[in-house]
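> Got a sequence here, can you build the structure:
(one chain, ligands or ions: 3)
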Amino acid sequence: MSVSIDDYPLLAQVPDPEALRALPARRLPALAKELRHYLLHSVARSGGHLAAGLGAVELTVALHYVYNTPEDRLVWDVGHQCYPHKILTGRRDRLGTIRKYGGLSGFPKRAESPYDTFGVGHSSTSISAALGMALAARQAGEKRKAVAIIGDGGMTAGEAFEALNHAGDAGADLLVVLNDNEMSISENVGALSHHLTKILSGRWYNQLRSGSKEVLRHLPGPVHELARRTEEHLKGMVVPGTLFEELGFQYFGPVDGHNVDSLVEVLGNLLHQPGPRLLHVVTCKGKGYRPAEQDPIAYHGVGQFDPGQGLTKSSGGSIPYNKLFGKWLCAMAEQDPRLVAITPAMREGSGMVEYAKRFPERYHDVGIAEQHAVTLAAGLACESVKPVLAIYSTFLQRGYDQLVHDVAIQNLPVLFAIDRAGLVGADGPTHHGSFDLSYLRCIPNMTIAAPSDEAECWRLLSTGHHHEGPFAVRYPRGSGPGTPLPEQDLEPLPIGKGEIRRKGHRIALLAFGSMVTPALDAAQYLDCTVADMRFVRPLDQALIRSLAAEHDLLITVEENAVAGGAGSGVAEYLAEAGLQVPIRHLGLPDRFVDHGSPDELLTEVGLDAEGIRLDAERLFQALGRGQD
Ligand SMILES: Cc1ncc(C[n+]2csc(CCOP(=O)(O)OP(=O)(O)O)c2C)c(N)n1
Ligand SMILES: CC(=O)[C@@H](O)[C@H](O)COP(=O)(O)O
Ligand SMILES: [Mg+2]
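Ligands and ions are numbered 1, 2, ... in the order given. Predicted structure coming up:
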């Protein structure tokens, strides 16, 4: 049941930014209060991203109040903080459907609203996109404005600096709002983060600076120049905006990101200033809900909970793959002192909290910097260190060139522990791990393993760790079928060997990874053979040959795009070997799959047991009729 707008009398008067801008400014603090309460109680019912949105309430109100949205473009970075934006832009009644099947996207989405100027989900794209919009406006002689709202975490990614570097030179009328809450999902990391913290700790620096600018304006000629040089010198020591000003931005701030009155004033002052400007806004992630303020990591993304009680610990059920990975990592780190683990800002999501505590000197959180993470691993691997890079399938897309250029060509022993492979569910198309089998399978020197359950995952991680070359183990979000972990066994499996899990007739299902379980379920009705292929590269060619010899139809099943996926590899081998057996492929369709629960999505694309059964029967009957 969604939250009733009737309980929010002021918010009820603000269905959209037009109505917001009709309010007297003095009403904005009260509106922000109602908006925050509405957000908290809606997300407590629906689940979703919470802490970032709580921290962006006043900023969202002020931006839509000062800017003529959607004519003026607001580009959110990552977009997990966009729920207040969605509430204020005509979608408050649907907020309860967010990230649900057929409901609102959890991120800004162009098809969803004209106020969603750019689709996001992956971080650090907002400055590039907003700059593009600003340059397009300038080229068309249009007056509309562009604003990027990026967090301190988002600012740790290379693309953010690529965009700052270009914007500072292009001189476009662009405002970058740096929403600095000193948090990523975990605590933020990196030298930039420390620099920003210094700025925040030196709040009085800016009063001095704003005073010195005032003084400089009234000085005559040469004295002014001397004084300006002095200020430049002081800047390096005292005034915090140096970094951004050296990149061609006028720096303003830091300002209180929860004082909506001063935000409106500052944004109003900056509105008509030309050129690249950066407004440094200080916020608290989780603001206004004490449990989230105290634990913004836990409240970054939440399931349903009672705001009066706070989050409750989920218990029971089989160990999820990320926690399994974390256990394996600690076990292998104990056995092998050469192991070093890397995460690009996903310590909690990748299950590395325990490892980071136990092996701090062999743990690197590089921030949101996937490209750097891959090449860092390559550098480590050159020095007989055994790096393990824990990375979501979708985020590895950011480091693809580095994987080819720095790891595979040099055949370096980097283990890629690829989590969130396949359909992740609520995060939707920006986060589904739909393509890693396709984008990895074509790379020479790569070994790719797809475990069918928890025990297999444990063993294949060990296999990858011992392997003297690039190795990828891909596993899904959440839990598997619940097989016990072989915790004492850290030995490798033979590479390129799959196994028959069920002997049957006529049809052979060649299942990869997470698809072995539904394939076995489907096989009970089909009375067909099921092979756990285990490796996507190298394929078990002997197994394929024997299956081809004994069956009328081979059907490959994978939770990856059919295009270029594991099944394509099997078909390529059959052709190369001159084996004429009919083969068909089940996998993710040639379109982007939207958001919903993983089960809903697997059913939608026919990769649940029932879907596999129906497809197999249809394909076999078509074969019998001589149809393709
Ligand atoms: C390329 C990429 N890597 C990782 C993530 C996962 N992620 C989502 S939000 C987030 C932290 C963002 O920190 P910040 O920009 O400071 O926003 P805050 O949550 O603090 O408001 C991360 C790492 C992502 N969305 N995109
Ligand atoms: C917004 C973002 O990119 C992350 O918060 C992501 O949603 C985490 O995904 P998991 O919940 O699968 O760890
Ligand atoms: Mg942050």
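
> domains of the protein?
5-301, 321-474, 499-623 (the TED database).

> Tell me the residues of this structure that contact ligand 1?
52, 55, 78, 80-81, 122-123, 151-154, 181, 183-185, 285, 345, 368, 395, 398 (Cβ under 6 Å from any ligand atom). C-beta coordinates here come from the backbone N, C-alpha and C atoms, glycine included.

> Nearest to ligand 1 within the stretch 301-450 of the chain, name that residue for me.
residue 345 (3.9 Å; Cβ to the nearest ligand atom).

> Quick check, that residue in contact with residue 185.
Yes. Under the criterion of Cβ atoms under 8 Å, residue 345 makes contact with residue 185 at 6.4 Å.

> that older thread, doesn't the residue of the stretch 301-450 of the chain closest to ligand 1 belong to a helix?
No. Counting by DSSP: H, G, I helix; E, B strand; the rest coil, residue 345 is not part of a helix but coil.

> Tell me which of residue 345 and residue 185 has more neighbours.
Taking other Cβ atoms under 10 Å, residue 345 and residue 185 do not tie; residue 345 has more neighbours (26 against 20).

> Is residue 155 in contact with residue 190, as I believe?
No. Assessed by Cβ under 8 Å, residue 155 is found out of contact with residue 190, at 9.1 Å.

> neighbours around the closest residue to ligand 2 within the stretch 451-600 of the chain, how many?
Ligand 2 sits closest to residue 477 of the stretch 451-600 of the chain, with a gap of 5.2 Å, by Cβ to the nearest ligand atom. When neighbours are counted by other Cβ under 10 Å, residue 477 registers 24.

> Return the distance of it relative to residue 358.
24 Å (Cβ to Cβ, to the nearest Å).

> Then residue 483?
Distance, residue 483 to residue 358, using Cβ to Cβ: 25 Å.

> burial count for residue 596?
Around residue 596 there are 20 residues (other Cβ under 10 Å).

> backbone phi and psi for the residue nearest to it when sequence neighbours are not counted, please?
Spatial nearest neighbour of residue 596, excluding adjacent residues (Cβ to Cβ, 6 or more residues apart in numbering): residue 101 at 3.1 Å. Reported as degrees, to the nearest 10, the phi and psi values for residue 101 are phi -60, psi 120.

> How about residues contacting stretch 56-70?
Applying Cβ atoms under 8 Å, 6 or more residues apart in numbering, the contact partners of stretch 56-70 are 17, 20-21, 23, 25, 28, 31-32, 35-36, 39, 74, 81, 84-85, 88-89, 113-115, 117, 144-145, 147, 149, 177, 179, 257-260, 263-264, 267-268, 271, 281, 283, 287-288.

> quick check, that stretch touching ligand 2?
No. Using Cβ under 6 Å from any ligand atom, stretch 56-70 never reaches ligand 2; the gap is at least 13.3 Å.

> buried ones in that stretch?
Using 16 or more other Cβ atoms under 10 Å as the test for burial, stretch 56-70 gives 56-67, 69-70.

> Looking at the residues you listed, which is nearest residue 519?
Taking Cβ to Cβ as the measure, residue 519 lies nearest residue 56 of the buried residues of stretch 56-70, at 44.0 Å.

> how close does the closest one sit to ligand 3?
From residue 56 across to ligand 3, the span is 10 Å (Cβ to the ion, to the nearest Å).

> how far away is that residue from residue 517?
40 Å.

> Identify each buried residue in the helix or strand harbouring residue 613, please.
Mapping residue 613 onto the secondary structure by DSSP states H and E places it in helix 609-624. Neighbour-count burial for helix 609-624, with 16+ other Cβ under 10 Å as criterion, is recorded at 609, 611-613, 615-616, 619-620, 623.

> Switch those over to CSV; also include pLDDT.
Shown next, in CSV, are the buried residues of helix 609-624 (pLDDT from 0 to 100):
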residue, pLDDT
609, 98
611, 98
612, 98
613, 98
615, 97
616, 97
619, 94
620, 94
623, 90
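
> How far away from the center of its chain is the biggest strand by length in the chain?
Longest strand of the chain, by residue count under DSSP state E: strand 553-561. Taking Cα atoms, centre = their mean, to the nearest Å, the mean C-alpha location of strand 553-561 is offset from the chain mean by 26 Å.

> before we move on, the earlier item: against residue 46, how distant is the residue of the stretch 301-450 of the chain closest to ligand 1?
Residue 345 sits 25 Å away from residue 46, going by Cβ to Cβ.

> cool, and residue 543?
From residue 543 to residue 46 the distance is 45 Å (Cβ to Cβ).

> related to what we said a few turns ago, of the domains of the chain, which stretch is the most buried?
domain 321-474 (a mean of 22; mean count of other Cβ atoms under 10 Å).

> That domain vs ligand 2: in contact?
Yes. Against ligand 2, domain 321-474 shows contacts by Cβ under 6 Å from any ligand atom at 349, 420, 424, 427.

> in the stretch 251-400 of the chain, which spans are strands?
Using DSSP state E, counting those that start in this stretch, the strands found in the stretch 251-400 of the chain span residues 276-282, 301-302, 339-343, 363-365, 386-392.
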